[in-house]
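**Q** heads up, no residue letters with this:
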């Protein structure tokens, strides 16, 4: 078995910086925030998705991997070793889900949606994207956005805007999505409305 | 004494992760109270342990922290929490609202408008707005699930029936983003209009009650009212005896035992800045 690459050199401050980036991204849907990107996780797990995992996962949070990440044996091993979290094959049991291939994503309804009494008991989906420009062009509104904001992560499946609309329609239940791009993150919480897509 | 024996910002990393996950959920579901495993802090519940845990989970070495208690930077609670974080996180502290990146508050929203690079952390004693109307957590949880907030309207109606007006003066209930009824913590209702559409992220921590909730920037926040009894701000009639402001929230200070009293701004930093500006204008150029 090959040796695993290390986690953060300075876990206290690197996870704090990553958390502030993702917190700010969640509070301002569609805005892009830089995260520390010194990690060299096993492919195809991206450095920014790995930073999110090291910041948010531990023994309390089962995680799910999509086919692209799940087939790479070292990804689950790396995440389990560095965070202590366990992997689950069932997306509806996952506190966090990681996906390297946004075009082969299961329906958002397959993940844990929370319940009307406890809508917080839902999956947070970390979706690796290649860029924050040039993709499906979305116009966002809702909490965290003064009027409207354009957001175009790439690549996304053509029907994904309808998935997002259905997800927002399940509010207060539903999943929250963090997009992990190169060296940066952006987020679409369930509270965001999709005004248009092109 | 060196504080090197503490982890940065006092809490251990697993506690911070647990609180951080709750904060992300709170932001994604504006106004919903996320349960969290509140930790024991080196001060009693009721002294702001919820706000302190939220601050500890978000604080970084480059942050500048301001702490206010009823608007003031120099009361016991504010001074001791500021000293706590200066010791366990070695962060810069300030009393100037505009210079702070994180502002922890007990029962006031600063008079100076907040910017989009600031975070306001509220200390919350009782997060559940329906608690005094329905003591059972199972029932209030169900009422939130169904967005069934008739009870609160009856309460405000009874205010009008008893007093002729809505007599709720603080912890005035609000609807967040049209979905969740929320207690804005015991801020005076004078502050309610500053909570909606605020450029800063607002986080609420209740340590004893083990709940975290949030209002993202630019979120619609509406104070409950009736068409014929609209929400009204309230402030003491008068001007600040120190800076002359006639549009701030005022504290009444008793000055002797013969009925003497004065009104001063509750926001000590805002009042000081106004006095500095005024005296700079009066001072002749040399």
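**A** Happy to help now that I have it. Predicted model only: the values in this text are computed from it and were never measured.
**Q** do you know the pLDDT at the residue sitting nearest the centre point of chain A?
**A** Nearest to the geometric centre of chain A sits residue A:126, at 1.6 Å (CA atoms, centre = their mean). Looking at residue A:126, its pLDDT reads 98.
**Q** now do it against chain B, distance only.
**A** Separation of residue A:126 from chain B (CB to the nearest CB, to the nearest Å) stands at 12 Å. The C-beta positions use only the backbone N, C-alpha and C, and glycine is treated the same way.
**Q** residues from the stretch 51-200 of chain B in reach of chain A?
**A** B:57-61, B:116, B:141-142, B:144-146, B:177, B:179-180 (CB under 8 Å from any CB of the partner chain).
**Q** of the residues you listed, buried ones?
**A** The neighbour-count criterion (16 or more other CB atoms under 10 Å in any protein chain shown) marks B:57-60, B:141, B:144-145, B:177, B:179-180 among those as buried.
**Q** quick one: secondary structure of the residue nearest to residue A:95 when sequence neighbours are not counted?
**A** Leaving aside its chain neighbours, residue A:95 sits nearest to residue A:61 (3.8 Å; criterion: CB to CB, 6 or more residues apart in numbering or on different chains). Following DSSP: H, G, I helix; E, B strand; the rest coil, residue A:61 is assigned to coil.
**Q** settle this for me: residue A:61 is touching residue B:24, isn't it.
**A** No. Residue A:61 is beyond contact range of residue B:24, at 11.8 Å (criterion: CB atoms under 8 Å).
**Q** who's more crowded, these two?
**A** Using other CB atoms under 10 Å in any protein chain shown as the criterion, residue A:61 and residue B:24 rank with residue B:24 on top: 24 against 19.
**Q** for that one, give me its contacts.
**A** A:22-23, A:26, A:56, A:124, A:176 (CB atoms under 8 Å, 6 or more residues apart in numbering or on different chains).
**Q** chain A: helices as residue ranges?
**A** With DSSP state H as the criterion, chain A has helices at A:11-27, A:47-56, A:67-71, A:73-83, A:160-169.
**Q** which of these sits most buried?
**A** Among the helices of chain A, helix A:47-56 has the highest mean neighbour count (mean count of other CB atoms under 10 Å in any protein chain shown), at a mean of 25.
**Q** so for that one, mean pLDDT?
**A** Helix A:47-56 comes out at a mean pLDDT of 98.
**Q** that helix: how far from the chain's middle?
**A** Centroid displacement of helix A:47-56 relative to its chain, using CA atoms, centre = their mean, to the nearest Å, is 9 Å.
**Q** and for stretch A:35-53?
**A** For stretch A:35-53 - counting by CA atoms, centre = their mean - the centre lies 12 Å from the chain centre.
**Q** is that stretch anywhere near chain B?
**A** No. Shown here: stretch A:35-53 not in contact with chain B (CB under 8 Å from any CB), separated by at least 10.5 Å.
**Q** list the contacts of that stretch.
**A** For stretch A:35-53, using CB under 8 Å, 6+ apart, the contacting residues are A:4-5, A:7-9, A:14, A:17-18, A:21-22, A:54, A:63, A:68-69, A:72, A:74-75, A:77-79, A:82-83, A:96, A:98, A:100, A:126, A:128, A:178, A:180-185.
**Q** number of residues surrounding the residue nearest to residue B:189 when sequence neighbours are not counted?
**A** Sequence neighbours aside, residue B:172 is the residue nearest to residue B:189 in space, at 3.9 Å (criterion: CB to CB, 6+ apart). For residue B:172, the tally of surrounding residues (other CB under 10 Å) stands at 24.
**Q** check what pLDDT residue B:172 gets.
**A** 97.
**Q** ok, residue A:27 touching residue B:27?
**A** Yes. At 5.2 Å, residue A:27 and residue B:27 qualify as touching, with contact defined as CB under 8 Å.
**Q** overlap in contacts of the two?
**A** Common neighbours of residue A:27 and residue B:27 (CB under 8 Å, 6+ apart) are A:144, B:201, B:214, B:216.
**Q** nearest to residue B:31 among the residues you listed?
**A** Set against residue B:31, the nearest of the shared contacts of residue A:27 and residue B:27 by CB to CB is residue B:214 (8.0 Å).
**Q** ok, the closest one touching residue B:202?
**A** Yes. Applying CB under 8 Å, one finds residue B:214 in contact with residue B:202, separated by 6.5 Å.
**Q** of the two, who's got more company?
**A** residue B:214 (31 against 28).
**Q** what strand or helix carries that one?
**A** strand B:211-215 (DSSP states H and E).
**Q** any idea of the mean pLDDT for the following helix or strand past that strand?
**A** With elements assigned by DSSP H and E, the helix or strand that comes after strand B:211-215 is strand B:221-223. Strand B:221-223 comes out with an average pLDDT of 98.
**Q** what's the answer for stretch A:132-139, then?
**A** 92.
**Q** what number of residues lie near residue B:216?
**A** The burial count for residue B:216: 26, using other CB under 10 Å.
**Q** do the same with residue A:84
**A** The burial count for residue A:84: 13, using other CB under 10 Å.
**Q** quick one, what contacts the residue lying closest to residue B:6 once chain neighbours are set aside?
**A** Excluding its sequence neighbours, the residue lying closest to residue B:6 (CB to CB, 6+ apart) is residue B:88, at 4.8 Å. Applying CB under 8 Å, 6+ apart to residue B:88 gives the contacts B:3, B:6, B:8-10, B:56.
**Q** confirm that residue B:85 sits in a helix.
**A** Yes. Looking at residue B:85 with three-state DSSP, it is inside a helix.
**Q** what pLDDT does it get?
**A** pLDDT at residue B:85 comes out at 96.
**Q** hmm, back to that, got the angle between the strand holding residue B:214 and helix A:11-27?
**A** Per axes from the mean of the first three to the mean of the last three CA atoms, to 10 degrees, the angle that strand B:211-215 makes with helix A:11-27 is 50 degrees.
**Q** pLDDT of strand B:211-215, averaged?
**A** So the average pLDDT for strand B:211-215 ends up being 98.
**Q** do stretch B:9-24 as well
**A** 97.
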